[in-house]
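Asker: dropping the sequence and predicted coords here.
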Amino acid sequence: MKYFVVDAFANAPFGGNPAGVVLLGGESFPPDSLMVKVAAELRYSETAFVQQNGPAEFTVRYFTPAAEVDLCGHATIATFCVLRDEGIVPQGTVCMNHTLAGDLEVAVWEEVMMQMAPPEVVGKGMDVEMLRKVMFPAGYAPQNEVAGGGGVLVPEIVSTGLPDIIMPVASLGELEALEPDMPALSALSKELEVVGVHAFALSDDGYTAHVRNFAPLYDIPEESATGTANAALTYYLLKNGVIGEGARCRFMQGEAMRRPSVVATEMRTNGSVYVGGNSYILAKGEMFL
């Protein structure tokens, strides 16, 4: 099996969000237990295992060091950048990606853009004060209201394949001040059946927003680039009147981790959300199993 270590949503090494990519060619997937062990050996939050079904058709399965997950945005971007850079898929090709979250289109251009699962709000009306207590350190008093789109923005659970709490904060200062109580956030995530919290502050510095993502329930205290959550955020911004149909967004993530990442999204007029960017192949080799 050929493996790659890839910094997704980055154009240079040591930025973005690292992922493992394992190419199987046309071979069958190995046993799940082996894929978990490979993901644990590579030690990244997700590793994608890629089976080629045709010239532009692939089945991709995603494993953490502990279990399989339905979909992973940054590992998908990493995967199709590898397929492009290794000459397996020519630039300009639109591919089909079969995943446990559904069949998703991936456009392999200068940037790789992937279609996400249909966006939906899967929960609202949560205890906002409890969420703030979990997310902000003791003694910090965030603003009670966050303005945007002509109204007040409130946290909602949104999914484009994986559900996240989309949490607005009032300023970049508040975003930087986030210091979640990780055990409490894990318990809250389990109770609400979400991956974690995707917090954002709107900006006017060339990015739509600056964002931070926390998923301690899945052993990810903070993630430097998150495809699914930024796609969910894009739908949230459309739904709340911050952006319009057909809008293109760019989100800055990973600053607090010193791994700056730029995640591009596009809200298509047919309701589909696409997310993408570029990737940098940091290492590659072979596994003898």
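Answerer: Received the coordinates, thanks. Numbering: from 1, shown residues only.
Asker: spit out the contact partners of the closest residue in space to residue 17 that isn't next to it in sequence.
Answerer: Residue nearest to residue 17 in three dimensions, not counting chain neighbours: residue 225, with 3.6 Å by Cβ to Cβ, 6 or more residues apart in numbering. (Each C-beta comes from the backbone N, C-alpha and C, glycine too.) By Cβ atoms under 8 Å, 6 or more residues apart in numbering, residue 225 lies in contact with 8, 9, 10, 16, 17, 74, 253, 254, 259, 261, 263, 277.
Asker: any idea which of these has the most stuff around it?
Answerer: residue 9 (34 neighbours; other Cβ atoms under 10 Å).
Asker: that one reaches residue 76, doesn't it?
Answerer: No. Under the criterion of Cβ atoms under 8 Å, residue 9 makes no contact with residue 76, lying 11.2 Å away.
Asker: my read is residue 230 is in a helix, agree?
Answerer: Yes. Applying DSSP: H, G, I helix; E, B strand; the rest coil, one finds residue 230 inside a helix.
Asker: list the residues that contact it.
Answerer: Applying Cβ under 8 Å, 6+ apart, we find residue 230 in contact with 73, 198, 211, 249, 251, 253, 263, 265, 275.
Asker: then residue 9?
Answerer: Listed by Cβ under 8 Å, 6+ apart, the contact set of residue 9 reads 15-17, 74, 77, 225, 227, 253, 261-263, 277-279.
Asker: and which of these is nearest to residue 112?
Answerer: Of all the contacts of residue 9, residue 77 has the smallest distance to residue 112: 5.2 Å, by Cβ to Cβ.
Asker: which neighbours do residue 9 and residue 76 share?
Answerer: Applying Cβ under 8 Å, 6+ apart, one finds that residue 9 and residue 76 are jointly contacted by residue 227.
Asker: can you classify residue 190 as helix, strand or coil?
Answerer: With three-state DSSP as the basis, residue 190 sits in helix.
Asker: dump the contacts of residue 225 into a markdown table; add distance to residue 193 and pLDDT as well.
Answerer: Output for the contacts of residue 225, formatted as a markdown table (distance: Cβ to Cβ, whole Å; pLDDT from 0 to 100):
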| residue | distance to residue 193 | pLDDT |
| --- | --- | --- |
| 8 | 26 | 94 |
| 9 | 27 | 93 |
| 10 | 31 | 90 |
| 16 | 28 | 91 |
| 17 | 23 | 91 |
| 74 | 22 | 91 |
| 253 | 24 | 95 |
| 254 | 26 | 94 |
| 259 | 28 | 90 |
| 261 | 26 | 92 |
| 263 | 24 | 95 |
| 277 | 28 | 94 |
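Asker: so which of those residues sit within helices?
Answerer: Judged by DSSP state H, the subset of these located in helices is residue 74.
Asker: list the ones among the contacts of residue 225 that fall in strands.
Answerer: Those of those mapping onto strands are 8, 17, 253, 261, 263, 277, per DSSP state E.
Asker: now flag whichever of those is closest to residue 52.
Answerer: For these, with residue 52 as the reference and Cβ to Cβ as the criterion, the closest is residue 8, at 19.9 Å.
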